[in-house]
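Q: Take a look and give me a structure for this.
(chains A and B)
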Amino acid sequence: MKRLALTTMAAAALGLAGCTQELVCPSDQLACGGACVAAATDPRNCGACGARCGPLGVCASGSCQCGPETTLCGGSCVDLASDPLNCGACGAACPAALLCTSTGGVATCAAACAAGQSSCDRACVDLLSSRYHCGACGRACGAGEHCAQGLCLADLYAACYNTDEVREAAGDLAPAGIPVATEAGPLALAWLGSSLFVANSLNNTVDELRFDPPAVRKQQVITIPTQGTYGPDLEYVAANAADGLLYVSNAAAGLLDVIDPVAGLVIDEVPLGAGTFPAGIAIVGTSAYVALNGTNEVAAVDISRAGTCPPDPNAPPCSAGACNAGRVCVSGSCQPAFCVAKRIALPAADLAGPNGSPMPSRLAAAGTLLYVTLWNLKPSDYTPAGSGRLAVIDTATNLLVTTPGSYPVDLGPGCANPGDIAAVGQTLYVSCGFFPYNDPSSLQGAAIVKVDLSTGAPLVGPELPLSGHAPGPLAFCGGAGYAGDRNAGSLFRFDPAFDPTNPPSMLLTGAATLCPPRAAGGSAYVADLTCSP
Amino acid sequence: MSPQGFPRRSAAALALCLWQAARASGAEEPPVELPEVVVPLSRGEAGADPTGSATVVDARRFEGEAKGVAELVATSPGVAIRDYGGLGRLATVSIRGSTADGVRVLLDGLPLNTAAGGGVDLSTIPRHWIDRIEVVRGAEGAHYGTGALGGVVNVITRPAVAGNWSAQATGGSFLTFGGAADGAIGGAGWAGMAAASFDSTSGRFEYLFDDRPAVPGNALQLRLRENNAARLGGVLLKAWRTLGQGRLDLMGQASFGWRQLPGWPYALTPNDLQQEGRGTLSGRYALPLASSLTLSTEIAGRLEGLDVRLAPPSGSTQQTDLAGGARVQLAWAHPLGTLTTGASLGGERLWAEGTAGAAQHSRADFAVWAADDLALLSGALRIGPALRFDAVGAYSGLSGKLGASWRFAGPFSARASAGRSFRAPSFGELYLQQGLLEPNPLLQPEEAWSADAALVAEGALGYASLGGFASLYRNLIVYEPASFDRLKPFNDGKAFMGGLEVELASAPWREALGLSAALSYTFLASENLKGEEAVLGKQVPHQPRHRLYARLGVDVQRAGAHLEAQVVGLQYQDARNLLPIPAAFAMNMGAFLRVLDEPDVRVFLEVKNLLDDRTLQNGFGYPLPGRTLLFTVRFGST
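A: Below is the predicted model:
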């Protein structure tokens, strides 16, 4: 009896001991002091917890190195252009009252900093461009980052869906900076000014990421309340510099959410209809075009706030001519500021393959024409009903362009299930790829397809095949094209001028794993990709 | 499989029948009519686990109130019901913060959880046949088998008592109507019962819809719930007979359901529907081998079909599940109590057709167990150890339970128990693609450790219990983002659940209009123990901290009335606790009038959602009906 009681208590104690918290970090990070750290690039935990790189050092591939534009002097990394103890050369110290300043690439000791420079402990630096004093004295940018206008920026930003992060990369695909933790399920990115906004699909939030001092960080979380009436699923975010607002596709509720990022609030929700599943958004002038994946339409939403929306008979009166942010004062009453001006139907009979449904997803504007990617899948089993396609909308009339070759634009047999579309001048780029849910090895139609718009009618081809990968989000900067992988977390770089007559340009010029799986062997989804502003 | 031991009420009925048999044998003395002796089961004692934390919900207390299984279970502490919108709607149960998969649901001891997974839809159990429901809380695998991580719901149907019969008809709001009838015959050493029931509703109720939920002060719109009809029904056949020295019990049950699936208000599904059917057969023979030794053998089988017609991309799926097995059990009444040992062998096969093509999966299961119910100190102290080994397909494990109860002073007793249980992954989690959900064949079993203790008072005044509990769930199967927009299950979940359970049920106060009161309150503190930094320590989604059920009733034999209130506290939709679901409050009331004594004829009126709150929803966005009136006429022998 006594032994049984003791055994029972021991078992209970063991059970209670199992009540400890277990931190789960992405597969390429370490758990340090209750937080996940990227030991490959974090200068405070470089290669190991607590392993700090010295001043002007950066952490690359898990080891501390002297940062760019620095020199090793006496075992320390120094900036010869501004270090008052090594001004222009190792050991060349300025007298105590003087500063070290550089003009025309020549460092000298002086009584005052040159124009455009500030003194940081007697080192004269340009706070707008110094990567070791970026925006503020002592604020160093991370590996692979550069300082622009006082902001530590990388070349590329990726939304890593599986690990709830935004990760940075340099143009050569090397990891940069330190991953920024987002809310759950980051799916879309958009720049507004110098802030990067992240739409998180799994808990209805939009994060604001800031890059000014003191550090790259998540500045605020804007929650889109559900009142428990639907499950979260944000699919896209678009930023409108003209009105300073964000527009978010709320797929679960069939709404277009309008957010004021300064106030951190949702100011209006535009009902798009039950079961519409809004996806991509493109802003053209005073209209937001929303792809309605569930009902095969594109909704043209009036965002002019000019009082042109249908009147609300129950609208409250304007108070001193002012209304809540989501309303506009019209004839003494606060009328809706945002509304659906037109629904543009995408007929399956014309735009999809046999037994297929168009399923519009992403949009890109080139001039007054709007190009809409069509998944072209069979609703019965979600397999391709043919090649990926585009629909074309004339935004001047909000009508489909029905001329041959544009109705639809067939992207060819090498493209299935388009993932993203980008307009670069007179060229469209469309990423494609499809595999059944439980068989990634049967990937089909994986490529990036070019569509030439320079002659008026869309001219499809060539395509850059990416067999074995599922390209998704696209970005173009620094003369290169980049694509994220929807399954393996990879990031690809390619020559946008890929030309079959010039074979070297048809090759990928780089590939690297950017977004890791949560656990080894799992999948990783690069949900969105954007260049720095 | 049936619970261990011999239900007390059945023993009393057997004794009565045997006495009647002796009487019919031709004794010369004039017969003496003895009053029927009904041995009431303790409200807090489940048949299979007498020292476990349990509530026995007596369905007779709610006669005529048109309450389904889920509503009856909801009167017990420690449980949370997911009700998707009224009569005939999907309703699942969570106990002590478990998932629906972590609750083992039995019908007269026969498990209803299928290998396809997803928990048991309580609305598929016809409500008219229920005698009582045992809600057993905690890791109960040692007594009830795998899958009982949070607890067990054992629905026990009415016994076959010769001469008993009843018939009732119900009608009410939203074109709701139904009927049920049952009758039993019997004689010396045998009885048989047949019962049938049918319910139907259009489900077209009005609700208030917010087309801009993130905009404060937005005017709500009145909408009609469409594509929400349901028709349910079933047949129950039971019989028992003394056979030689023993007793043979047979039961067959068939139920069917047809229901339209209306979808979320923000994503309506005007054409979705579902059809399901279930049939069970069981036979049990209990034979006393000696004065203290009873051998029982049982064979049981279940066939279940599900046909779901959904709009793309989910598509349509059909599933057929066939399960069967046999078990043998030996009960030895020794000087200190009763020792029970047994073994079972069975199998299950699932046929599934859907968007991923056709699939068949099967697995065998085997179990051995031993449990003792020790009664010491003249029965004041009971100790119940139990151990069970289960092998389910490729998975196996041990479940254990140790419980004790001590009646230390008059009506007061103390109870405590601790246990460990596990759940093998379902075929759905392992192999089936379901819409955006991928399978994962590498999953491992979930496990639960639980402990609880309570003070109990039970006597002529009623029943009261105040207890605390703690449960640790590990290797929970949770769906996480995979590639594209898909989700895949992994054993990445770990959570702690702890709290208080308070229960009160007073006996009717005859001097005051038969006033009675009942209350159950649950405080649940949940904590996520595994995951990203942002979710550690946060409240587990859809697990409110507070749940309250309260009831006041009067009963003057000829008439009566009752008033109920239910409160569900604040909870969260997401693991980071950024999306709150507001607390909910609802009231019901009802009344009855006895028109005749023989036969017993009564009319009932039940009003659900008395305050006609049309914003009520189930925490998952499914609106619940506004004020609902149901009128029932019941005829019966008792």
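Q: Pull the contacting residues for the spatially most central residue of chain A.
A: Closest to where the C-alpha atoms of chain A average out (Cα atoms, centre = their mean) is residue A:189, at 3.1 Å. Residue A:189 makes contact with A:157, A:159, A:166, A:196, A:197, A:198, A:199, A:237, A:528, A:529, A:530, according to Cβ atoms under 8 Å, 6 or more residues apart in numbering or on different chains. In this view, the C-beta of every residue, glycine as well, is placed from N, C-alpha and C.
Q: what is it paired to in the beta sheet?
A: residue A:198 (DSSP bridges).
Q: element containing the residue nearest the centre of chain B?
A: Centroid-nearest residue in chain B, with Cα atoms, centre = their mean: residue B:153, separated by 3.5 Å. Residue B:153 is part of strand B:151-157 when elements are defined by DSSP states H and E.
Q: Residues touching that strand, excluding its own?
A: B:3, B:7, B:46-48, B:69, B:73, B:78-79, B:93, B:95-96, B:98, B:103-109, B:120, B:122, B:125, B:129-138, B:140, B:143-144, B:236, B:238, B:251, B:253.
Q: So which of the contacts of residue A:189 wins on neighbours?
A: Greatest neighbour count in the contacts of residue A:189, by other Cβ atoms under 10 Å in any protein chain shown, goes to residue A:199: 32 neighbours.
Q: Would you mind confirming that that residue is in contact with residue A:208?
A: No: here residue A:199 lies out of contact with residue A:208, judged by Cβ atoms under 8 Å, at a distance of 11.3 Å.
Q: Mind listing what's buried along stretch A:246-266?
A: Within stretch A:246-266, the residues scored as buried using 16 or more other Cβ atoms under 10 Å in any protein chain shown are A:246-261, A:265-266.
Q: all strands of the stretch 251-400 of chain B, in order?
A: Taking DSSP state E, counting those that start in this stretch as the test, the strands found in the stretch 251-400 of chain B are B:263-264, B:267-268, B:273-290, B:293-309, B:316-334, B:337-354, B:357-376, B:381-392, B:395-409.
Q: for those, which one sits closest to residue B:206?
A: Distance to residue B:206, taken as Cβ to Cβ, is lowest for strand B:267-268 among the strands of the stretch 251-400 of chain B, at 15.1 Å.
Q: and that closest one, is it in reach of chain A?
A: Yes: using Cβ under 8 Å from any Cβ of the partner chain, strand B:267-268 comes into contact with chain A via B:267, B:268.
Q: got the contact list for residue 145?
A: With no chain named, the answer covers chain A. Counting by Cβ under 8 Å, 6+ apart, residue A:145 has contacts A:131, A:152, A:153, A:154, A:168, A:176, A:177.
Q: I was thinking of chain B, sorry if that wasn't clear
A: By Cβ under 8 Å, 6+ apart, the residues touching residue B:145 are B:1, B:104, B:111, B:367, B:388, B:390, B:399.
Q: which among these gets closest to chain A?
A: Nearest to chain A out of the contacts of residue B:145 is residue B:399 (Cβ to the nearest Cβ; 12.8 Å).
Q: distance of the residue lying closest to the closest one once chain neighbours are set aside from residue B:97?
A: Nearest residue to residue B:399 in three dimensions, chain neighbours excluded: residue B:141, at 3.0 Å (Cβ to Cβ, 6 or more residues apart in numbering or on different chains). Per Cβ to Cβ, to the nearest Å, residue B:141 is found 17 Å from residue B:97.
Q: okay, these two: which has more neighbours?
A: Under the neighbour definition other Cβ under 10 Å, residue B:141 and residue B:97 were set side by side, and residue B:141 has more, 30 against 27.
Q: Thought residue B:420 was touching the more buried one, still the case?
A: Yes: proximity of residue B:141 to residue B:420 meets the contact threshold set by Cβ under 8 Å, at 7.2 Å.
Q: okay, and the common contacts of the two?
A: Common contacts of residue B:141 and residue B:420, defined by Cβ under 8 Å, 6+ apart, comprise B:399, B:401.
Q: got the buried residues for whatever helix or strand residue B:132 lives in?
A: Element membership of residue B:132 [criterion: DSSP H and E] is strand B:130-137. Buried residues in strand B:130-137, counted by 16+ other Cβ under 10 Å: B:130, B:132, B:133, B:134, B:135, B:136, B:137.
Q: That concludes my questions; thank you for your assistance.
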